[in-house]
Structures are given as C-alpha cells and as structure tokens.
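Colleague: How does the following fold in three dimensions:
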Amino acid sequence: QVQLVESGGGLGQAGGSLTLSCAASGSIVRIHDMGWYRQAPGKQRELVASITSGGIPNYADSVKGRFTVSRDNAKNTVYLQMNSLKPEDTAVYYCNAGIATMFVLKDYWGKGTQVTVSS
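Modeller: You can find the predicted model right below:
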C-alpha cells in the first residue's frame with residue numbers, strides 16, 4: 001500500500017509565500033517523477049510543476065519564476081515553494097508521483113490540500 005500525504009496548504013496573501021510538502025510512504029521500491037497539480041473551482045486539473053528523480057524540474061508557464069519544486073529522495077518527499085502568490089493560484093493542490101512497488105508501476109495521488117490566496 002502506497003500513500004501520498006500533503007501538508008502546508010492554507011490561506012495566503014497576494015504577494016506572500018506558502019510551502020507545500022508531500023511525503024510518500026508504503027512498500028516503495030522506487031519513485032520516478034513527482035509533482036504538483038491543481039484544480040480551481042469549475043476548471044480542469046492542471047500541472048503546476050514536476051521534478052524527475054534526478055532533480056530536473058518542469059513548470060507551467062503560469063508559475064515560472066514564482067514557484068520552485070524540489071525533492072528529498074531520502075525522505076520520499078516533494079516540496080513546492082510558492083512565492084509572489086496571486087489570487088488566481090487559489091485551488092486544491094494535489095501531489096502526484098510515479099511509484100514502483102514490487103508488483104506494479106503506477107501513478108499515485110494525494111487527497112489534496114486547499115490553497116486560498118486573498119487579494
């Protein structure tokens with residue numbers, strides 16, 4: 001059984017910062033790409049940022065220069081540092097990871113954490 005547990009969401013102010021964390025646990029053999037998606041009300045879920053097991057990041061254009069994704073492979077944890085927050089960053093943020101167990105390689109999702117940015 002594999003679980004992804006997010007933490008760090010909440011209320012932020014425009015121009016401020018928040019940091020999200022997501023820890024993977026369970027019968028993990030290897031974690032491939034890890035990342036963050038978000039879904040605002042009435043909108044589709046979209047990729048925010050991802051990072052390979054080797055540490056190569058990828059960002060959505062809307063967050064480039066403001067958000068930083070990183071990971072600690074020893075802790076099976078991925079982080080999202082969000083700076084210069086905007087009201088349009090308000091969404092539920094979901095952690096995602098490609099994880100191999102002894103029997104299967106598949107995508108896993110966290111339950112999501114709410115981020116609300118006030119103007």
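Colleague: Could you report the separation of the spatially closest residue to residue 89 that is not a sequence neighbour from residue 83?
Modeller: Sequence neighbours aside, residue 117 is the residue nearest to residue 89 in space, at 5.0 Å (criterion: Cβ to Cβ, 6 or more residues apart in numbering). Any C-beta I mention is one placed from the backbone N, CA and C, and that applies to glycine too. Separation of residue 117 from residue 83 (Cβ to Cβ, to the nearest Å) stands at 12 Å.
Colleague: ok, these two, which is more surrounded?
Modeller: residue 117 (19 against 14; other Cβ atoms under 10 Å).
Colleague: In terms of pLDDT, where does that one sit?
Modeller: On the pLDDT scale, residue 117 is placed at 98.
Colleague: Residue 49 too?
Modeller: 98.
Colleague: And for residue 1?
Modeller: Looking at residue 1, the pLDDT reads 88.
Colleague: okay, now the residue nearest to it when sequence neighbours are not counted: neighbour count?
Modeller: Spatially, and ignoring its direct neighbours in sequence, residue 1 is nearest to residue 26 (5.0 Å; Cβ to Cβ, 6+ apart). Neighbour count for residue 26, taken as other Cβ under 10 Å: 12.
Colleague: Contact partners for the most centrally placed residue in the chain?
Modeller: Closest residue to the average C-alpha location of the chain: residue 36 at 2.7 Å, with Cα atoms, centre = their mean. The contact partners of residue 36, by Cβ atoms under 8 Å, 6 or more residues apart in numbering, come to 20, 22, 47-50, 69, 78, 80, 93-96.
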